[in-house]
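Q: Below: sequence and its predicted model.
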Amino acid sequence: MIRQRTLKNVIRATGVGLHTGEKDYLTLRPAPIDTGVIFVREDAKPATVIPALTEFVGDTTLATTIVKDGYRISTIEHLMSALCGLAIDNILVEVSGPEMPIMDGSSATFVFLIQSAGIEEQEAPKKFIRFRSEVAVRGNFGASYEQSVSIRPYNGFRVSHTIIYDNPIIKEQTARVDVSSTSYVRDVSRARTFGLMQEFDHLREKNLAQGGSLDNAVVVDQYRVLNDDGLRRKDEFVRHKILDAIGDLYLLGHSIIGEFTGYKSGHTANHALRQAILEQPESWEMVTFESIEDAPLSYSFPLAIEQL
């Protein structure tokens, strides 16, 4: 049986919020079977509990933000991506403020924290959303260009993405990843958030990106990558979009069996796709696997990550 998973131990970390620039305290705790991913605003009186589910998404401008009772937690997609990549089903995420720490701009630090806490299998079957037919949406989603996102049947979890930027450094990039715990860590987790220098200047004028720096984002101008250490991969830009998509899709509440394709899309388009999926329950089914041999290859050996 493919089982649900949680952490073995509590683990803590600190960092700064990308947009607030404020210090954030983060605690990850094990959670019982069928809890799901639960965020907690510790600074609220009393503490506010916000499930990481589509219905609680209140904003998708620049990041994915969940909201409840007036309390927000933004930039949750990088941790959500790591949780999905390592197949963590049940966890409590305690945050001291309105934004998750950005760490190095990728999900690698969250992967490290999860691995350091340890991963424990639980005595209950893991639930998957398996797609039976395609769901697709397209539109501008507030941008000046058309975007599209879709998910269709596939015996595994595949994520493909294409980005096109009017910038000589980024240009057009396409990447595809068949996601497993091993491939997620190797091919996705270290891809950092990115932006154009003029975009960061514009955001700071709006009192955003106050915590942004070359330590937690890849920044480019018209001529070069401004980070001293350069890129981690030639296609790091589009791989970060894949990282974001994995995290955004995990707000459906379960791991996916299907193929996601994004074209010039971001958090708002991903949210629209999740909403369309929930509005079309005939397009998917919930499944479990009593035998590892019956599961798609990408989920057959979920513990492999601990041997990397």
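A: Nice, I can see it.
Q: Tell me where the model's unsure across the stretch 201-308 of the chain.
A: Counting by pLDDT under 70, the stretch 201-308 of the chain contains low-confidence ranges at 206-209, 297-308.
Q: What ranges does it have for its strands?
A: Shown for the stretch 201-308 of the chain, the strands assigned by DSSP state E, counting those that start in this stretch span residues 218-220, 255-263, 284-287.
Q: by contact count, what packs against the shortest one?
A: Spelled out, that is strand 218-220. On a contact count with 3 or more CB pairs under 8 Å, 6 or more residues apart in numbering; DSSP states H and E, strand 218-220 meets strand 194-196, helix 197-205. (Each C-beta comes from the backbone N, C-alpha and C, glycine too.)
Q: Report all helices and strands that the last one contacts.
A: In terms of contacts (3+ CB pairs under 8 Å, 6+ apart), helix 197-205 is packed against strand 218-220.
Q: ok, how many other residues are close to I170?
A: By other CB atoms under 10 Å, the residues close to I170 number 20.
Q: Number of residues surrounding the closest residue to it other than its chain neighbours?
A: Spatial nearest neighbour of I170, chain neighbours left out: F237 (5.2 Å); criterion: CB to CB, 6 or more residues apart in numbering. The tally of other residues near F237 (other CB under 10 Å) stands at 25.
Q: F237 reaches Q173, doesn't it?
A: Yes. Counting by CB atoms under 8 Å, F237 touches Q173, with 5.6 Å between them.
Q: Could you pull up the residues touching the nearest residue to F194 once chain neighbours are set aside?
A: Excluding the flanking residues, the one nearest F194 by CB to CB, 6+ apart is V218, at 4.0 Å. Applying CB atoms under 8 Å, 6 or more residues apart in numbering, we find V218 in contact with 105, 192-195, 225, 227, 231, 236-237.
Q: of those, buried ones?
A: The neighbour-count criterion (16 or more other CB atoms under 10 Å) marks 105, 192-195, 225, 227, 231, 236-237 among the contacts of V218 as buried.
Q: No further queries at this time; thank you.
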